[in-house]
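> one predicted model, sequence on top.
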Amino acid sequence: MPTTVNAYAATAPDQPLVRTTIERRDVGPRDIRIDIKFAGICHSDIHTARGEWGQVPYPLVVGHEIAGIVAEVGSEVTRFAVGDRVGVGCMVNSCGECEQCRQGQEQYCLHGNTQTYAGKDRDGSITQGGYSQQVVVTEDFVLRIPDGIDLDVAAPLLCAGVTTYSPLRHWNAGPGTRVAVIGMGGLGHMAVKHAHALGAEVTVLSQSLKKQEDGLRLGADHYYATSDPDTFEQLRGSFDLIVNTVSAELDLTAYLSLLAVDGTLVNVGAPPQPLPVRVFSLIGARRSFAGSAIGSIAETQEMLDFCAEHGYGAEIEVISADQVNEAWERVLASDVRYRFVIDVATLD
Ligand code: NAP
Ligand code: ZN
């Protein structure tokens, strides 16, 4: 018998989320049932629920920054036990057989990984995400949250944390590298923390100086307002790596000019619109424009352990489930400091 749990769901692109119930499958031999304690709010939840990225299988429960406690394990589960502190991020399965999966890069599964919500699960049902009381996930896609990190500040690490850690590692951010982060939101503030902990020189490029004090406290060495045209003059050719976390259209050509020779601008922000690029801004200094999706399961665990070792999680504002619509509006207004996290106990 499936288990019925409380949740918040999107029902249409232009309607607020509503309280509802959904069913979670029985725990199979390799499954884990998780009592969700905290669920982070990612801008991707909003893009998805509002139909900005394509067709939506309504009603849909979003949320892919899940932190909780193991409530039940299947008979063949070996790595987790009831009571363990665990997390689930943006994917809950992948084919396991393609070249990418075999290399441990499930996020780039050639058959498409199974997304935590709005994905097609192995039984054909549509996956439902973390704005809910429980989730059932195969053990291979469950992460261990180290004891040193509280569950509420850990939740955003499962998407915002790994999505920024992965490109910083891939492009070797560290001592001697100059990293810029565009956008001080959920992903951006994690990029600042990670890049600082990795030893890079970190610059924030934000629309205004409103969050400057926070940016410097979180580890940035420099902070600039992109509304000031002088910023682009002053910083021309300054960075080895730029991580763009912005959820909206941006003048990429202007930002590419801030890269040094051989520098890379990697987009993790995922606006629905195409972004035009003036190719001369690449050619003129052998610059690269790249993209990056979340991170692998192994890399997510590495990032969680790295955060525990360095003593940080996300900067969060905990809300009750009935404040979720208000929180979404604040995310859309760039008024988030720096991740909203739903206290799932308020769904009881
Ligand atoms: P967020 O908290 O809303 O942060 C985005 C930040 O971008 C804002 O705080 C703001 O920072 C800046 N910004 C917003 N609108 C802007 C505009 N019109 N012009 C310039 N800057 C603007 O969102 P998030 O949760 O971090 O997600 C950011 C993006 O990453 C979303 O598109 C999301 O879907 C995507 N994402 C991608 C992946 C992946 O795997 N690649 C994973 C997760 C999320 P300032 O106020 O500092 O300017
Ligand atoms: Zn996300």
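Structure received. Ligands and ions are numbered 1, 2, ... in the order given.
> any idea how far the residue of the stretch 51-200 of the chain found nearest ligand 1 is from Leu256?
At 1.9 Å from ligand 1, Gly185 is the closest residue in the stretch 51-200 of the chain, using Cβ to the nearest ligand atom. In this view, the C-beta of every residue, glycine as well, is placed from N, C-alpha and C. Distance from Gly185 to Leu256, counting by Cβ to Cβ, to the nearest Å: 21 Å.
> ok, Pro2 next?
In terms of Cβ to Cβ, Pro2 sits 50 Å off from Leu256.
> which bits of the stretch 51-200 of the chain sit near ligand 1?
Contact residues (Cβ under 6 Å from any ligand atom) of the stretch 51-200 of the chain with ligand 1: Cys159, Ala160, Thr163, Gly183, Met184, Gly185, Gly186, Leu187, Gly188.
> wait, the fifth one sits on Tyr338?
It refers to Met184. Yes - with contact defined as Cβ atoms under 8 Å, Met184 counts as touching Tyr338 (7.0 Å).
> neighbour-wise, which of the two wins?
Met184 (28 against 23; other Cβ atoms under 10 Å).
> let me see the contact set for the more buried one.
Going by Cβ atoms under 8 Å, 6 or more residues apart in numbering, Met184 touches Val192, Val204, Ser206, Lys211, Asp214, Gly215, Tyr338.
> most neighbours, which of those residues?
That'd be Val192 among those, by other Cβ under 10 Å, with 31 neighbours.
> ok, it to Ala180 distance?
Here the criterion is Cβ to Cβ. By it, Val192 lies 10 Å from Ala180.
> between Met184 and Tyr338, which contacts overlap?
Asp214.
> tell me the one among the contacts of Met184 nearest to Gln301.
Gln301 has its nearest neighbour among the contacts of Met184 in Val192, at 21.8 Å by Cβ to Cβ.
> now the helix or strand harbouring the closest one: mean pLDDT?
Assessed by DSSP states H and E, Val192 sits inside helix 186-197. With pLDDT averaged residue by residue, helix 186-197 scores 98.
> hang on, the earlier thing: next, show the common contact partners of Val192 and Ala180.
Val202, Val204.
> any idea how many residues pack against the closest residue to ligand 1 within the stretch 1-150 of the chain?
Ranked by Cβ to the nearest ligand atom, the top residue of the stretch 1-150 of the chain for proximity to ligand 1 is His43, at 3.2 Å. Neighbour count for His43, taken as other Cβ under 10 Å: 24.
> one more: Thr164?
Thr164 has 31 neighbours, counted by other Cβ under 10 Å.
> got it, and Glu213?
10.
> please apply the same query to the one 5 residues further on.
By the criterion of other Cβ under 10 Å, Leu218 has 21 neighbours.
> just the residues contacting the lengthiest helix in the chain, thanks.
As assigned by DSSP state H, the longest helix anywhere in the chain is helix 297-310. For helix 297-310, contacts defined as Cβ under 8 Å, 6+ apart pick out 87, 89, 104, 106, 140-141, 143-149, 154, 157-158, 161-162, 165-166, 169, 194, 197, 294-295, 313.
> in helices, which of these fall?
Using DSSP H, these in helices are Ala154, Gly161, Val162, Tyr165, Ser166, Arg169, His194, Ala197.
> save these as a markdown table, and put in neighbour count and distance to Ile319 too.
Below are these laid out as a markdown table (neighbours: other Cβ atoms under 10 Å; distance: Cβ to Cβ, whole Å):
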| residue | neighbour count | distance to Ile319 |
| --- | --- | --- |
| Ala154 | 30 | 17 |
| Gly161 | 34 | 19 |
| Val162 | 27 | 23 |
| Tyr165 | 28 | 25 |
| Ser166 | 23 | 27 |
| Arg169 | 17 | 31 |
| His194 | 30 | 25 |
| Ala197 | 19 | 27 |
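> pull the most distant pair out of those residues.
Ala154 and Arg169 (19.1 Å).
> wait, what's in contact with the closest residue to Ala191 other than its chain neighbours?
The shortest distance from Ala191 to any non-neighbouring residue, by Cβ to Cβ, 6 or more residues apart in numbering, is to Thr164 (3.8 Å). Thr164 sits next to Val181, Leu187, Gly188, Met190, Ala191, His194, Val243, Thr245, Val268 when contact means Cβ under 8 Å, 6+ apart.
> Arg144 reaches Ala81, doesn't it?
No - using Cβ under 8 Å, Arg144 is not in contact with Ala81, being 11.1 Å away.
> look up how far ligand 1 lies from the closest residue to the residue of the stretch 1-150 of the chain closest to ligand 1 other than its chain neighbours.
Leaving aside its chain neighbours, His43 sits nearest to Ser247 (4.6 Å; criterion: Cβ to Cβ, 6+ apart). The gap separating Ser247 from ligand 1 is 3 Å, by Cβ to the nearest ligand atom, to the nearest Å.
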